[in-house]
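Undergrad: test case, fold it:
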Amino acid sequence: MRYRTRVTAPAAVLIGTAAALATAPSAHAAPKETGTPGPETLGDSVYPSLGNDGYRVSAYRLDLAYDATTRLVDAEATLRIRTTQALTRLSLDALGLDIRAVRVAGRTATYEQADEKLRITPARPLPANAPVTVCVEYTADPRRELAHTAWVATPDGFAVCPQPNSAHTVFPCNDHPVDKADFTFRITVPAGLRGVASGLLVGTESLDGDRTAYTYRSRSPIATEVVQITVGDYVVKDRQGPHGLPLRDVVPVARAAALEPALALTPRLVEWIEQRLGAYPFETYGLLPCNSDDPAAFDFTGLETQTLTLYKPNYLLQEESRIGSHMMHELVHSYFGNSVSPATWADLWMNEGHADFYGLLYRYERGWTDSLGLTTMEARMKDTYARGDQWRKTSGPVASPNAANLFDSQRYLGGVLVLYALRQAVGEDVFRAIERTFLERYRDSSASTEDYIAVATEVSGQDQSGFLRDWLYGTKTPRMPGHPDWTVTPVTSTLVAPKSRTGGHHHDNSATL
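TA: Numbering: from 1, shown residues only. Got it, this is the predicted structure:
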């Protein structure tokens, strides 16, 4: 294992200091440091290396300047954290970032980069439960080849797709959805380009060298995995959604007219989902068809970065019946996944199951045939039900993923099947009350599968723990309420396993495509 270490004082000074300390009387020895290095994990079962449990982040300020000539990003990340224990050292998740300097509480700190951690030793130990500011200066190359990356390099700039574990290739962070924080983004770009990020535009500055700085701020906390930062030759198109909700789309100038039919669908989508899940939870919404259709640019169809869903432009040029269901899928993530984030990555079924559940309902209400040629939720669920035991064998139970199968069909359609079974058991009205109560209770926070089970039990007035745990963790598919005639196909080696992937960020296992 190689370490890249930065020492912040000249070697001669350090040697002299060490010699002086060695010969000084013991009465003048430095006081013993208190605290321990922060635990370099948040204990996630799918991604155990992510995060640090020695602190929580309350806010990030990201100041990024894009150079169109070098195509590099010069950046400074400022984190406001609060320690959860006394610390002699802390770490941030970081990969592929060229670190120049680190300061903790305004003082220069030493650091080293090891694997995907930036280990920071402050000038003085940090006491427990203390507010502290950490500032990291660095440079990033969006085109750099890494084991995994959030950067999407485009001909005129970049976008980012951090999900699930790659935000720390863009900025140093506590890269886990349980540690959501407020974000401020300042993006400096040369003439002819526009910088945009999650949240609302709160400031525009004209700078020397014919550059402009755009500042965006989130009203709600954001999980690192759904941050969006983009630079390109964009036009921002504003329109109004239900109840005066500001909608903004960030569109390549050269393709704005061609994309307008797809963009114009959003108000109706928002209105439909608000009738089922309540008011849209953020300050704005819109689409970002970033300026690349290169298959190698990114391997997904859409990604629900907060307030601004990322798409490939060509996908959105199709007719409404081909894209409307998936546009609903991504919009639903504003509720399940963004407003209420997963407490662990094993809870991903709540994100994807809900997004596909409502996306499919939207499709079938409009009479659009799905990819199997089916036209009703019952028909699709009967088909999915028959596959249940095979999927549980090849992909594990719905709520027990690993890193290799995290985004396969078991988390998507398997999750839909769980929600369908619950609705069958408790009825439409109670199910809708469960959904709204869960969203209201955990808004702007993170929630676990057990939290969802608890809400279902409370709202229904019946203990749902055994029922839901059988569906979520059982190795055999339970009987479907209301459909005693439905059968599960016996497991054989010839049955097809659920679609799977081992990396990337896409939702191409969604049944809404």
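Undergrad: which parts of the stretch 51-200 of the chain are strands?
TA: For the stretch 51-200 of the chain, strands defined by DSSP state E, counting those that start in this stretch occupy the ranges 55-66, 73-83, 87-93, 98-104, 107-108, 110-114, 117-121, 131-140, 151-154, 157-160, 182-190, 194-197, 200-207.
Undergrad: can I get these in CSV with mean pLDDT, distance to L374 and mean neighbour count?
TA: Using the backbone N, CA and C atoms, a C-beta is placed for each residue, glycine as well. Formatted as CSV, the strands of the stretch 51-200 of the chain follow (pLDDT from 0 to 100; distance: least, CB to CB, whole Å; neighbours: other CB atoms under 10 Å):
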stretch, mean pLDDT, distance to L374, mean neighbour count
strand 55-66, 98, 44, 20
strand 73-83, 98, 46, 20
strand 87-93, 98, 42, 25
strand 98-104, 98, 51, 18
strand 107-108, 98, 62, 12
strand 110-114, 97, 51, 19
strand 117-121, 98, 47, 21
strand 131-140, 98, 45, 18
strand 151-154, 95, 34, 21
strand 157-160, 97, 34, 26
strand 182-190, 98, 41, 21
strand 194-197, 98, 38, 24
strand 200-207, 98, 41, 12
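Undergrad: figure out which of these is closest to G466.
TA: Closest to G466 of the strands of the stretch 51-200 of the chain is strand 55-66 (CB to CB; 33.9 Å).
Undergrad: what pairs with that closest one, parallel or antiparallel?
TA: strand 73-83 (antiparallel), strand 182-190 (parallel) (DSSP bridges).
Undergrad: adding distance to T133, write those strands out as JSON lines.
TA: Listed next are those as JSON lines, based on distance: least, CB to CB, whole Å:
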{"stretch": "strand 73-83", "distance to T133": "6"}
{"stretch": "strand 182-190", "distance to T133": "13"}
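Undergrad: coming back round to it: okay, the strands of the stretch 51-200 of the chain in JSON lines with distance to N509 next?
TA: Formatted as JSON lines, the strands of the stretch 51-200 of the chain follow (distance: least, CB to CB, whole Å):
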{"stretch": "strand 55-66", "distance to N509": "30"}
{"stretch": "strand 73-83", "distance to N509": "31"}
{"stretch": "strand 87-93", "distance to N509": "26"}
{"stretch": "strand 98-104", "distance to N509": "35"}
{"stretch": "strand 107-108", "distance to N509": "47"}
{"stretch": "strand 110-114", "distance to N509": "34"}
{"stretch": "strand 117-121", "distance to N509": "31"}
{"stretch": "strand 131-140", "distance to N509": "30"}
{"stretch": "strand 151-154", "distance to N509": "20"}
{"stretch": "strand 157-160", "distance to N509": "21"}
{"stretch": "strand 182-190", "distance to N509": "29"}
{"stretch": "strand 194-197", "distance to N509": "28"}
{"stretch": "strand 200-207", "distance to N509": "32"}
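Undergrad: out of those, which is closest to D383?
TA: Ranking the strands of the stretch 51-200 of the chain by distance to D383, with CB to CB as the measure, places strand 151-154 first at 34.3 Å.
Undergrad: so what touches the closest one?
TA: Contacts to strand 151-154, defined as CB atoms under 8 Å, 6 or more residues apart in numbering, come from residues 71, 140, 142-144, 158-161, 169-170, 232, 290-292, 297-298, 310.
Undergrad: are any of these buried, and which?
TA: The neighbour count (16 or more other CB atoms under 10 Å) marks 140, 142, 158-161, 169-170, 232, 290-292, 297-298, 310 as buried among the contacts of strand 151-154.
Undergrad: now intersect those residues with the helices, please.
TA: Among the buried ones among the contacts of strand 151-154, DSSP state H puts none in helices.
Undergrad: quick check: the two most widely separated of the residues you listed?
TA: Among these, the pair separated by the greatest distance (CB to CB) is T169 and N291, at 20.3 Å.
Undergrad: of all the strands of the stretch 51-200 of the chain, which one comes closest to M327?
TA: Among the strands of the stretch 51-200 of the chain, strand 157-160 sits nearest to M327 (CB to CB), with 17.8 Å.
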